[in-house]
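Asks: Predicted model follows, preceded by the sequence.
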Amino acid sequence: MNLLIVGSNFGLNHCKAAIKSKKFKKISICSPNIDNKKKFKLVAKYKNFKTALDDNNFDMISIVTTP
């Protein structure tokens with residue numbers, strides 16, 4: 001399964017859980033300021049979710065932005 005996480009602040013917890021579960025073949029995260037984040041080393045990074053959607057086929061999308 002392929003996972004896209006939209007949002008990098010709350011998305012960090014989702015990313016850690018997804019990596020720990022070992023159920024995802026590919027994990028991608030997108031955020032406009034993703035280049036400023038150093039904690040996402042094992043995942044593909046995108047600045048725009050539309051680019052991520054065009055480049056990949058995702059089985060699951062997690063939207064984790066500030067409420």
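Replies: The structure has been received and is ready for your questions.
Asks: tell me which element I61 falls in.
Replies: strand 60-63 (DSSP states H and E).
Asks: now do I5
Replies: Using DSSP H and E, I5 falls in strand 2-6.
Asks: Flag every buried residue along that strand.
Replies: 3-6 (16 or more other CB atoms under 10 Å). C-beta coordinates here come from the backbone N, C-alpha and C atoms, glycine included.
Asks: Past it, which element shows up next along the chain?
Replies: helix 11-21.
Asks: distance between that following helix and the chain's centre?
Replies: Chain-centre distance of helix 11-21: 9 Å, with CA atoms, centre = their mean, to the nearest Å.
Asks: before we move on, what about stretch 6-17?
Replies: 7 Å.
Asks: Need the residues that contact it.
Replies: Residues outside stretch 6-17 that contact it (CB atoms under 8 Å, 6 or more residues apart in numbering) are 5, 27, 29-31, 33-34, 37, 39-40, 43, 49, 61-66.
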